[in-house]
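**Student:** Structure of the sequence below:
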Amino acid sequence: MTTFLLSPAVADAFPDTLIAVVTVTGLRGHETWPATTAALEDLERQLATGVWTPADENDPRIEAWHTAYRSFGTNPRRVRPSVDALGRRMAKKGTLPRINPAVDSYNVVSVRHGLPAGAFDLDHVTGDVEIRHAEGTETFIPLGEPDTVEHPKAGEIIYADTADVLTRHWNHRDAHRTRVTEDSTRVTFILETLHASRDGQLLTTAAGELQDLLAGHSAQSTVHHLSPAHPKATI
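**Tutor:** Residues are numbered from 1 along each chain as shown. Next up is the predicted model:
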């Protein structure tokens, strides 16, 4: 089992945080996922016809993350929250990237709802995972750059297991070690908001949509929530 923890310091700094932790087992990433393909194409069609556009930094959902990034010393216009970067890319190109079915599923849910999302292959996670402030001595190997080693700034918010950093700048970029591939079978997906009082129902809806996309291609799924009132979830 793996426990996800919201550190007391992060909970105190962001008291309205709510994080959905969606975990699936028996994931079958080599199959064709028609519902995910349809969701991607539908969102791209909505963008092309002008009936929907991705949330940008003027949207309160994105603006909240910009404010959070600045609070721990990150410039969000140079190092953007994942959902902000993904939405900007989609607005420019008209499409979302195709990585693999599981990643495509959380990407489409993320950008549709304006909520940051990510995922960890649990078979490559070491020990428990904590959302905490970095000490500055940790190591991070960026996704797609297995020969690169970075060190987060002291005070930067990170996801970290007992080995090293799993995401930098809270939700800017994932680590290479725990990346989700077609071979991943045990995966935890993360969806986040800093304003549960405003967007808690939106987060619940997004987590449900993600579960629906995963349901036909996995054996079992569960949803847990992290918040300052409930800072621990064991999966």
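**Student:** Show residues contacting stretch 200-207.
**Tutor:** Contact partners of stretch 200-207, identified using CB atoms under 8 Å, 6 or more residues apart in numbering, comprise 18, 20, 22, 109-110, 112-115, 117, 191-193, 196, 223. Where you see a C-beta, it was placed from the backbone N, CA and C, and this is true even at glycine.
**Student:** Okay, buried residues for the longest helix that the chain contains please.
**Tutor:** The longest helix of the chain (DSSP state H) is helix 196-215. By neighbour count with 16 or more other CB atoms under 10 Å, helix 196-215 contains the buried residues 196, 199-200, 202-204, 206-207, 209-211, 213-214.
**Student:** Now do the helices in the chain.
**Tutor:** Under the criterion DSSP H, the chain contains helices at 8-13, 34-49, 60-71, 82-93, 101-113, 196-215.
**Student:** Going by neighbour count, list what's buried in the first one.
**Tutor:** In other words, helix 8-13. Neighbour counts over helix 8-13 (16+ other CB under 10 Å) mark 10-11 as buried.
**Student:** Could you list every helix and strand that that helix packs against?
**Tutor:** Packing partners of helix 8-13 (3 or more CB pairs under 8 Å, 6 or more residues apart in numbering; DSSP states H and E): strand 129-133.
**Student:** picking up where we left off before, which one of the buried residues of helix 196-215 is nearest residue 6?
**Tutor:** Using CB to CB, residue 196 comes nearest to residue 6 of the buried residues of helix 196-215, at 12.2 Å.
**Student:** From residue 108, how far out is the residue lying farthest from the centre of the chain?
**Tutor:** Residue farthest from the centre of the chain, counting by CA atoms, centre = their mean, is residue 49 at 27.5 Å. Distance, residue 49 to residue 108, by CB to CB, to the nearest Å: 17 Å.
**Student:** wait, isn't residue 170 in contact with residue 70?
**Tutor:** No. Using CB atoms under 8 Å, residue 170 is not in contact with residue 70; the gap is 12.0 Å.
**Student:** the more surrounded of those two?
**Tutor:** residue 170 (23 against 12; other CB atoms under 10 Å).
**Student:** Cool, thanks, signing off.
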